[in-house]
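Asker: Got a predicted structure here, sequence first:
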Amino acid sequence: MELENKKLTMDEFLKTREEVLKTWSTGEQVADLEKNIEYARSIPKSKNFALKLKKAKHNQITLTQPRAGVALVENHIGLLRYLSEEGEADLLPTTIDSYTRLNRYENCELGLEESRRNGRSMLNGFPVVNHGVFGARKVQENLDKPVQARHGTPDARLMSEIIHAAGWTSNEGGGISYNIPYSKDAPLDKTIKDWQYCDRLAAIYEENGVPINREPFGPLTGTLVPPSMSNAVAIIEALLAAEQGVKHITVGYGQCGNQLQDIAAIKALEQLTEYSLEKFGYKNRIITTVFHQWMGGFPKDEAKAYAAISNASVTAALARVTKVIVKTPHEAFGIPTKEANANGLKCTKMVLNLMADQKSYMSKKLKEQLNIIKEETECILDAVFDAGKGDMANGVVEAFKRGILDIPFAPSKHNANKILPARDAYGAVRYLDSGNVPLTKELKSYNRYMLEKRAIVQKRPVDFQMTVDDIFAISEGRLVGKPDFSKR
Amino acid sequence: MNSKTIVIGVIGADVHAVGNKIIDYALTQAGFKVVNIGVLSTQEDFINAAIETNADAIFVSSLYGHGELDCQGLREKCDEAGLENIILYVGGNIVVGKQDFKEVEERFKKLGFNRAYAPGVKIETGIEDIKLDLNIDK
C-alpha cells in the first residue's frame, strides 16, 4: 500500500487489523470490533475524555493531568485514585512503559515478574498490551474520571485497539511525534501509516457514538525546540488525523520558558490549526490545547522544582490552554512517588485557581512574537506540502529527508540534525542555525539578531556552547545559560 | 587528543538523546576519541563497538528507570568477550524514582561498574574521573 494522506477504506482497515491482532496473545480478546464499541458506549459520559475537554474549552477553564503508570493493575489503580483524590487531577493518564512502546512484550513479562517479586514497579509504566483489554477495563471501571494512554510508541496499533476497547477515550501520539523523538530507525512512511490506522480506529468509535480524543505529542524532544517547528509538526498531525475522520483533537506545546513567547506560541498553534483544518476542508472539529510544563532538566531541590512548576502554571493560565500536563518535585530523579506527583498537581491547581479570573492582554510585543511564530510555521508547512507534491503524508517523509522538518536532539536517523536552537537574551528560543528549514531571509536575520544581542550582553560568541549552557540552565537555577569561562 | 577511546550510548529501550549528544560533545572537546552508538543500544552493541575500536572505557547512560534491568550481566558479557579490564561507568537516572543513592551505587558496583553517577551529575565529573582511572595527565 502506497503512502497517501487519504482515509483508509474499511477493507484496508480490516485487512491490516487481522495482522495487528496477531502480534501478541491479548490481541484476540479484542477481535470483535462491534462488541468493543458497544462496551465503550456503556461507559458513563462523565468518563469521556473528549467531552470533558470540550466542556472545559467552552467554560474557559484549564484542567490538570499528571503522568503516571506502574507495572501491576491493582497498584496502578491505587496510584491513579490517589492522584485523582489527593492530587485533585481533572484528567487521568496511563503512562505506558518503554518496552511496550517498542512492542517488546516478552520483556514486559519479565518486568511484570520482577515487579511482583521485588514488591516495587520495575517497569516505568503500565504494560497495557500484556494486561490486555480485561486489565485495562478494570482501570477505567475503578476510576470516575477519563483515562488517556500516554506513551511514545511508533507502532501503537494493537495498544490503541486495546485501550479504546477498554473504554479509554483518549490516545496521545502521531506518526511524527511518536517516531522522530522516540525511535532510532523506524521508517517515517511506516509510522505515518500505523498512526493513520490509530486515527481511523478512533474515528470509527466516534462514528459509532463514542467520542474519542486524539492528541499529537507537542513537545517532541522537549529540549529547546523552536515553537514554529513543534507547531508545524502538531498542525500536520492534526491534519493527518482529521483526514481519517478524527473529530476531537488536542494540539500541544511544551513550555520554552519565555512567557511572552510561550503565550504567543499557544495562540499561534490554536489559530493556525483551526485555519489549516478549515483550509483543507475539515469542518466541525473540536480543537483544544495542551501545555506541557518544562520538559527539560529540572532542579533537584524540591522548592526550586515547585517554583518551576508554578511558573509554568502561570503561563498555562494566561494562555488559556484547555489542559496542562504537570511535572513533579521529583522530576530531576525520574519517576516520582505518588505523594510527589500529587503535590505537583496541587501546586499547579492552586496557581490556576489564583489566575483563573485574570487575563493576558494582546500587547504590541505579544502580537510581534505571535506573527513571527506564525510566519515561520507557515514557511515550514508550505514547504512540506510542496515537498509532497500536494500530499501532506508524503510531504513529511520528503521534508525530513531534506531537513525542512528537523527536530533538535532527536535520536532518529531520519532526522537531519542540522538545526541548532539557543535562547536569546530574554530566554526565548531562536534558531541559532536553521539548517535547511526554509525560513525567509528576514526571519533568519531576526533569529540571528536576537542571538547576537545575547552574545553582546554575555560577552561571548554565538555558538553551540550557548545551546549546551541553555540545556542545563533551568536545572541550575536560571533560564538563559551563562558562560563558564573558568572551564576554558 | 589523548588517544583514549570511549564508547558511549544509551542502554535498553531508552530513547533519551539529549544527554548523549552533550556527552559526545564534551568528551570530544576533552580530547577523547568518542564512539557514540546512540540510543536504544543493547549490551551487545556496546561490547561490539568496544571490541571493534579497542576502547578503554564504556560509558552507559540510562534515563528512563529500567537501567537496573538493562545493566544486569554487562560485566560478565564483557569478560566473556575478552574485555576483562575495560572500565565501565553508568549514569543518568539509573533506577525507578528517587532512591537512596548510596544503595543504588552499591547495587551497580556489585553489577561490575567501576563508577555509578547520581542524577544530575554533569559529564565534567565523569571526565575528571576517567582521566584519573586511565592515568591521563591533566
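Answerer: Nice, I can see it.
Asker: what residues does stretch A:163-171 touch?
Answerer: Stretch A:163-171 is contacted from outside by A:30, A:36, A:39-40, A:42-43, A:47-50, A:94, A:128, A:133, A:136-137, A:139-141, A:146-149, A:156, A:160, A:198, A:201-202, A:205, A:210-215, A:250, using Cβ atoms under 8 Å, 6 or more residues apart in numbering or on different chains. To be clear about C-beta, it is placed using only N, CA and C from the backbone, and glycine gets the same treatment.
Asker: Give me the residue at the spatial middle of chain A.
Answerer: The residue lying closest to the centre of chain A (Cα atoms, centre = their mean) is residue A:217, at 2.2 Å.
Asker: Can you get me the start-to-end distance on stretch A:60-68?
Answerer: From its first residue to its last, stretch A:60-68 covers 26 Å (Cα to Cα, to the nearest Å).
Asker: again, but for stretch A:209-220
Answerer: Stretch A:209-220: ends 32 Å apart by Cα to Cα.
Asker: Could you list the low-pLDDT ranges of the stretch 51-200 of chain A?
Answerer: For the stretch 51-200 of chain A, no stretch is flagged by pLDDT under 70.
Asker: got the residues of it near chain B?
Answerer: Contact residues (Cβ under 8 Å from any Cβ of the partner chain) of the stretch 51-200 of chain A with chain B: A:98-99, A:101-102, A:104, A:107, A:110-111, A:114, A:120-124, A:152, A:181-184.
Asker: ok, 6 Å please
Answerer: A:98-99, A:102, A:124, A:182, A:184 (Cβ under 6 Å from any Cβ of the partner chain).
Asker: Among the residues you listed, name the ones in helices.
Answerer: A:98-99 (DSSP state H).
Asker: Using TSV, lay out the residues of the stretch 51-200 of chain A next to chain B together with distance to residue B:95 and neighbour count.
Answerer: Output for these, formatted as TSV (distance: Cβ to Cβ, whole Å; neighbours: other Cβ atoms under 10 Å in any protein chain shown):
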residue	distance to residue B:95	neighbour count
A:98	14	28
A:99	16	25
A:102	20	21
A:124	10	25
A:182	22	27
A:184	23	18
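Asker: between the residues of the stretch 51-200 of chain A next to chain B, which is nearest residue A:451?
Answerer: residue A:182 (29.2 Å; Cβ to Cβ).
Asker: Could you measure from the residue nearest to the centre of chain A over to chain B?
Answerer: Distance of residue A:217 to chain B, given as Cβ to the nearest Cβ, to the nearest Å: 13 Å.
Asker: Nearest the middle, which residue of chain B would you pick?
Answerer: By Cα atoms, centre = their mean, chain B has its centre lying nearest to residue B:59, at 1.7 Å.
Asker: Quickly find the element holding residue A:274.
Answerer: helix A:259-279 (DSSP states H and E).
Asker: Distance from the chain centre to that helix, please.
Answerer: Remark: helix A:259-279 is offset 15 Å from the chain centroid, using Cα atoms, centre = their mean, to the nearest Å.
Asker: Check stretch A:251-267 too.
Answerer: How far stretch A:251-267 lies from its chain's middle: 14 Å, per Cα atoms, centre = their mean.
Asker: Look at residue A:288 and give its secondary structure.
Answerer: When classified by DSSP: H, G, I helix; E, B strand; the rest coil, residue A:288 comes out as strand.
Asker: how many neighbours does it have?
Answerer: Other residues near residue A:288 come to 22 when the count uses other Cβ atoms under 10 Å in any protein chain shown.
Asker: so what's it bridging to?
Answerer: With DSSP bridges as the criterion, residue A:288 is bridged to residue A:250.
Asker: Of all the residues in stretch A:21-32, which ones are buried?
Answerer: Within stretch A:21-32, the residues that count as buried by 16 or more other Cβ atoms under 10 Å in any protein chain shown are A:21, A:24, A:26-27, A:29-30.
Asker: what do you get for stretch A:370-384?
Answerer: Buried residues in stretch A:370-384, counted by 16+ other Cβ under 10 Å: A:370, A:372-381, A:383-384.
Asker: could you redo these as TSV and give each row secondary structure, distance to residue A:391 and pLDDT?
Answerer: What follows is those, written out as TSV (DSSP: H, G, I helix; E, B strand; the rest coil; distance: Cβ to Cβ, whole Å; pLDDT from 0 to 100):
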residue	secondary structure	distance to residue A:391	pLDDT
A:370	helix	29	98
A:372	helix	28	98
A:373	helix	25	98
A:374	helix	24	98
A:375	helix	24	98
A:376	helix	23	98
A:377	helix	19	98
A:378	helix	18	98
A:379	helix	19	98
A:380	helix	16	98
A:381	helix	14	98
A:383	helix	14	98
A:384	helix	10	98
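Asker: So which of these is the closest to chain B?
Answerer: Set against chain B, the nearest of those by Cβ to the nearest Cβ is residue A:380 (21.6 Å).
Asker: For chain B, which segments count as helices?
Answerer: Under DSSP H, chain B gives helices at B:18-29, B:43-53, B:67-71, B:74-80, B:101-110, B:123-133.
Asker: Can you say which of those helices is nearest to chain A?
Answerer: Closest approach to chain A among those (Cβ to the nearest Cβ): helix B:18-29, 4.5 Å.
Asker: In terms of secondary structure, what does that closest one contact?
Answerer: Contacts defined by 3 or more Cβ pairs under 6 Å, 6 or more residues apart in numbering or on different chains; DSSP states H and E place helix B:18-29 against strand B:5-10, strand B:33-36.
Asker: Right, I'll call it a day here.
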